[in-house]
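[1] Output the structure for:
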Amino acid sequence: MVITVAGEKKEVKDGLTLPELIEQENVEMPEYVTVSINEEFIATEDKESTVLKEGDNVEFLYFMGGGC
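    Here you go, the predicted structure:
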């Protein structure tokens, strides 16, 4: 199936789970990444059970603190 990850179309296996995608994409510090699928944020407790579907648009978001 084809999904879009960070603006790039990718061919992935059917039934790919969000944790598998995070590993496949070598996401740094996955415990701190926020994920949106089709512009909806995925709750931390739902990440493990989320299965991707054809045409999904996935974005990984990192929140950084700091500044003056």
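[2] mind listing the strands for this structure?
    2-5, 8-11, 34-37, 40-41, 57-61 (DSSP state E).
[3] Kindly state which of those strands is positioned closest to Val51.
    Val51 lies closest, by C-beta to C-beta, to one member of the strands of the chain: strand 34-37, at 10.3 Å. For glycine as for every other residue, the C-beta is placed from the backbone atoms N, C-alpha and C.
[4] Within the sheet, what are the partner strands of the closest one, with directions?
    Partner strands and pairing direction for strand 34-37 (DSSP bridges) are strand 40-41 (antiparallel), strand 57-61 (antiparallel).
[5] I'd like the ones you listed written out as TSV, with distance to Leu21 and mean neighbour count added.
    Shown next, in TSV, are the strands paired with strand 34-37 (distance: least, C-beta to C-beta, whole Å; neighbours: other C-beta atoms under 10 Å):
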stretch	distance to Leu21	mean neighbour count
strand 40-41	16	10
strand 57-61	7	15
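[6] Which of the strands of the chain sits closest to Pro19?
    strand 34-37 (10.2 Å).
[7] ok, residues contacting that closest one?
    Residues outside strand 34-37 that contact it (C-beta atoms under 8 Å, 6 or more residues apart in numbering): 18, 22, 41-42, 47, 50, 52, 56-63.
[8] let's go with 6 Å and repeat that
    For strand 34-37, the external contacting residues (C-beta atoms under 6 Å, 6 or more residues apart in numbering) are Ile42, Asp56, Val58, Glu59, Leu61.
[9] Identify the residue spatially nearest to the last one, adjacent ones excluded.
    What it means is Leu61. Thr34 (4.4 Å; C-beta to C-beta, 6 or more residues apart in numbering).
[10] where does the one you found land on pLDDT?
    pLDDT, Thr34: 94.
[11] What is the burial count for it?
    14 (other C-beta atoms under 10 Å).
[12] what's the answer for Val2, then?
    Neighbours around Val2, by other C-beta under 10 Å: 10.
[13] Tell me the bridge partners for it.
    Counting by DSSP bridges, Val2 is bridged to Glu11.
[14] picking up where we left off before, who wins for proximity to Thr4 among the strands paired with strand 34-37?
    Smallest distance to Thr4 across these (C-beta to C-beta): 4.6 Å, for strand 57-61.
[15] I am finished for the moment; much appreciated.
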